[in-house]
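> Quick one, what's the 3D model for this:
(one chain, ligands or ions: 2)
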Amino acid sequence: MALSSTSAAHAHAVLLNSLTEASNLYPKEEGVTYSYGTAGFRTLGAKLPAAVFRTALLAVLRSKRLEGASIGVMITASHNPEPDNGVKIVDPSGEMLDPTWEQHATALSNCPSTDSLISTFTTLATHLHVDLSQPASIIFARDTRPSGPDLVKALEAGLHAFGDNVKIKDVGVTTTPILHYVVKATNDQSGTYGAPTIEGYMQKMSKAFKELVGIRGPLVPLFVDCANGVGSSAVDTMIPLIEDVLLLRPMNTATGTKGALNDECGADYVKTKQAMPPNLAQLGTLDKPGTTGCSFDGDADRIVFYYVEDATRTFKLLDGDKIATMAAVYFKELLLRTKLTGEEKLSMGVVQTAYANGSSTKYLESRDIPVECVQTGVKHLHHAAKKFDIGIYFEANGHGTVLFSPHAIETLRKASPVTLEAGNAIRHLLNFYELINQAVGDAMSDMLLVEAVLAHKGWGSAEWNAGYQDLPNKLEKVIVPDRNHFVTYDAERRLSHPVGLQELVDIEVGKYEMGRAFVRPSGTEDCVRVYAEAKTKEDVEVLIGNVARLVQEASTGQSMVVAS
Ligand code: 16G
Ligand code: MG
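Ligands and ions are numbered 1, 2, ... in the order given. Take a look at the predicted model:
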């Protein structure tokens, strides 16, 4: 029965009253400015309660706007140090929040008082055509950070203020990709994606993985550095499900040890330092030939692999580019084997960012695999990958996944294979679809993807690494007075501002064989990042030093004369 206009007005007044009371308990600190960026809000955990409370309000608005579809909220700061925390919203499809709503999150969080918050909230509701009497559904989770429980309280305070027409599901302490999965599966009307629980996800992944490995198992045990973070609980759950084909040996699982999270371990450490975590090195964990390790980041949505080369005893990194290239070459082979033609022929491509090692891009292009370069940040890669039937996207830092289009799944399911080999290839592709998280990159599912491809190829890490040699490269931070003065174009590969700087960088790059460098403002830290690669390590050092110096000079308004 429709509410009469008087009772609707009464319900509205009750809601605003309730929001006001709750908001008064979570005042915004003066002098803090929040900005909803590529990773949501991220700062010191102690500074976040107000932003998390307000994120609850936006998540409810979004769910109501989408007729009660479930929206996710994840409390994590990924690879950041332990005192930091963050919060981000997950859309019903399991993807990142619609970018056009990011500004609303920022606007709500920065309201200086409860009054301005309530008025911004009501303006947004009107402007976004949200019917506040609609039901809403919110699913949330957090990682292992000590500030997590307080932030969950702030979130719940925001959600409870709406009364009982907001359904709340707490997934508990879990990884970011698991939360994305649960949101996607909950909203899946067809009910075919999987059960919307952690167990449902683990069952789905492990079943597909075991079918893919088949008689090729048992595989060589794999060491998994969990960054002393929430990934360790996901690994613990997975161990018994796959131990007959692959033994996982978890390392750095001290989630209860103060200060341990991401400290000298985890994917970010390994990728930035281009070295294995010191404790793994000390223990000689990877000393035995043929042994491979991998590192998750603090919320387990990134992964990199590594091993020690036998002959030289040197550390070899297998990053997101290596995962993307191996997956692309293997999926291309599988697609050929399916013998699907005409309307049934499926497209495949790889999406990278400017950080992709030049050798990886060349390697893909030389195999006629389409490659696209987009801006840094998962949402940009994910969006671009959807253009392909099989869209493989990875950032060099280990964020990524493989997306299968609805057309690809329908085609593969309906196909009548012409040979046994074609049938096997179709079956494998469908199992990879079940194994690989379709909402967002997941360290766990990417780890099993890599293991399954290696098993099919009969390869160890050395054979995987042999595909191409990374060009020596380096990434540096430059602190500048205002990073907003640095404006990029061409997928962040070139600068339009400060005017004249790009020309100077081009001249510098031109001096080195296979040289490449770019400058971009960070989306998560107050700095500018400089990346350089070249044929030799020595050249990289000189090149990055010189480009960083040009950036410093440009930012402080020193000489910007283009030498002729
Ligand atoms: C965020 C992004 C990550 C990107 C990084 C770049 C997501 C979930 N995360 O962590 O993809 O590589 O930012 O950071 O999109 P930067 O802008 O500070 O270099
Ligand atoms: Mg992460």
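> Return the set of buried residues in stretch 274-285.
Across stretch 274-285, burial judged by 16 or more other C-beta atoms under 10 Å covers M276, P277, L280, T285. (C-beta placed from N, C-alpha, C; glycine too.)
> How about stretch 219-229?
Within stretch 219-229, the residues scored as buried using 16+ other C-beta under 10 Å are L219, L222, F223, V224, D225, C226, A227, N228, G229.
> does the nearest residue to the first one once chain neighbours are set aside sit in a helix, a strand or a coil?
Looking back up the chat, that one is L219. Among residues not flanking L219 along the chain, L246 sits closest, at 4.7 Å (C-beta to C-beta, 6 or more residues apart in numbering). Following DSSP: H, G, I helix; E, B strand; the rest coil, L246 is assigned to coil.
> circling back to that earlier point, near ligand 2 too, which of the buried residues of stretch 274-285?
Restricting the buried residues of stretch 274-285 to those within reach of ligand 2 (C-beta under 5 Å from the ion) leaves nothing.
> So which of the residues you listed belong to strands?
Among the buried residues of stretch 274-285, no residue falls in strands (DSSP state E).
> for the residues you listed, which one is nearest ligand 1?
P277 (20.0 Å; C-beta to the nearest ligand atom).
> which intervals of this protein have sub-threshold pLDDT?
Counting by pLDDT under 70, the chain contains low-confidence ranges at 1-3, 558-564.
> Get me the contact residues on it for ligand 1.
38-39, 376-378, 395, 397, 399, 522-525, 529 (C-beta under 6 Å from any ligand atom).
> of the residues you listed, list those near ligand 2.
Among these, proximity to ligand 2 is found for none (C-beta under 5 Å from the ion).
> Out of those residues, which sit inside helices?
Under the assignment DSSP state H, the residues of the chain next to ligand 1 contribute V378 to helices.
> could you redo the residues of the chain next to ligand 1 as TSV and give each row neighbour count?
Putting the residues of the chain next to ligand 1 into TSV (neighbours: other C-beta atoms under 10 Å) gives the following:
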residue	neighbour count
T38	18
A39	22
T376	22
G377	20
V378	20
E395	24
N397	23
H399	26
S522	16
G523	14
T524	17
E525	14
R529	22
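> got the contact list for the spatially closest residue to P278 that is not a sequence neighbour?
Excluding the flanking residues, the one nearest P278 by C-beta to C-beta, 6+ apart is E264, at 5.5 Å. E264 makes contact with P277, P278, N279 under the criterion C-beta atoms under 8 Å, 6 or more residues apart in numbering.
> One more: I303?
Residues near I303 by C-beta under 8 Å, 6+ apart: A267, C294, S295, F296, D297, I323, G398, A443, D446, M447.
> gap between P498 and I479?
Per C-beta to C-beta, to the nearest Å, P498 is found 16 Å from I479.
> same deal with D321?
Counting by C-beta to C-beta, the gap from D321 to I479 is 28 Å.
> do A408 as well
From A408 over to I479 (counting by C-beta to C-beta), the distance is 45 Å.
> Please say which of the two ends up with more neighbours.
Using other C-beta atoms under 10 Å as the criterion, A408 and I479 rank with A408 on top: 23 against 12.
> My reading is that the more buried one lies in a helix. Confirm?
Yes. Counting by three-state DSSP, A408 is part of a helix.
> thinking it is in contact with L346, fair?
Yes. At 5.2 Å, A408 counts as touching L346 under the criterion of C-beta atoms under 8 Å.
> between those two, what contacts are shared?
Here A408 and L346 have D389, I390 as joint contacts, going by C-beta under 8 Å, 6+ apart.
> Determine the three-state secondary structure at S35.
coil.
> I'd guessed A324 sits against E395; true?
No. A324 is not in contact with E395 according to C-beta under 8 Å; the separation is 9.1 Å.
> shared neighbours, these two?
Taking C-beta under 8 Å, 6+ apart as the criterion, A324 and E395 both touch Q352, A356.
> For whatever residue of the stretch 451-564 of the chain ends up closest to ligand 2, give me its contacts.
Among the residues of the stretch 451-564 of the chain, T524 lies closest to ligand 2, at 11.0 Å counting by C-beta to the ion. When contacts are counted by C-beta under 8 Å, 6+ apart, T524 touches G37, T38, A39, R42.
> one more time with 6 Å, if that's ok
By C-beta atoms under 6 Å, 6 or more residues apart in numbering, the residues touching T524 are A39.
> Format the CA atom coordinates belonging to the helix or strand hosting V505 as PDB.
Element membership of V505 [criterion: DSSP states H and E] is helix 501-509. C-alpha atoms of helix 501-509 as PDB (Å, rounded to 0.1, in the frame of the first residue of the first chain):
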ATOM      1  CA  LEU A 501      58.500  19.400 -19.600                       C
ATOM      2  CA  GLN A 502      57.500  16.600 -21.900                       C
ATOM      3  CA  GLU A 503      59.900  17.900 -24.600                       C
ATOM      4  CA  LEU A 504      62.700  17.900 -22.100                       C
ATOM      5  CA  VAL A 505      61.900  14.300 -21.000                       C
ATOM      6  CA  ASP A 506      61.800  13.200 -24.700                       C
ATOM      7  CA  ILE A 507      65.300  14.600 -25.300                       C
ATOM      8  CA  GLU A 508      66.600  12.800 -22.200                       C
ATOM      9  CA  VAL A 509      64.900   9.500 -23.200                       C
END
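> Okay, buried residues for it please.
Within helix 501-509, the residues that count as buried by 16+ other C-beta under 10 Å are L501, Q502, L504, V505, E508, V509.
> ok, and the closest non-adjacent residue to the first one?
Nearest in space to L501, with sequence neighbours left out and distances taken as C-beta to C-beta, 6+ apart, is A554 at 4.5 Å.
> and the one you found, that one's in a helix?
Yes. In this structure, A554 lies within a helix as judged by three-state DSSP.
> Count the neighbours of it for me.
26.
> and whichever residue of the stretch 101-250 of the chain sits closest to ligand 1, what does it touch?
With C-beta to the nearest ligand atom as the measure, T176 is the residue of the stretch 101-250 of the chain nearest to ligand 1, at 7.9 Å. Going by C-beta under 6 Å, 6+ apart, T176 touches M74, T76, D299, D301.
> F223 reaches R249, doesn't it?
Yes. The pair F223 / R249 is scored as a contact, 4.9 Å apart, by C-beta atoms under 6 Å.
> As a check, name the ranges of all helices in the stretch 401-550 of the chain.
406-414, 420-435, 443-457, 461-465, 501-509, 537-555 (DSSP state H, counting those that start in this stretch).
> so which of the contacts of I303 comes closest to R483?
Closest approach between the contacts of I303 and R483, by C-beta to C-beta: D297, at 23.4 Å.
> who's in contact with the closest one?
By C-beta under 6 Å, 6+ apart, the residues touching D297 are S78, H79, A227, G266, A267, D268.
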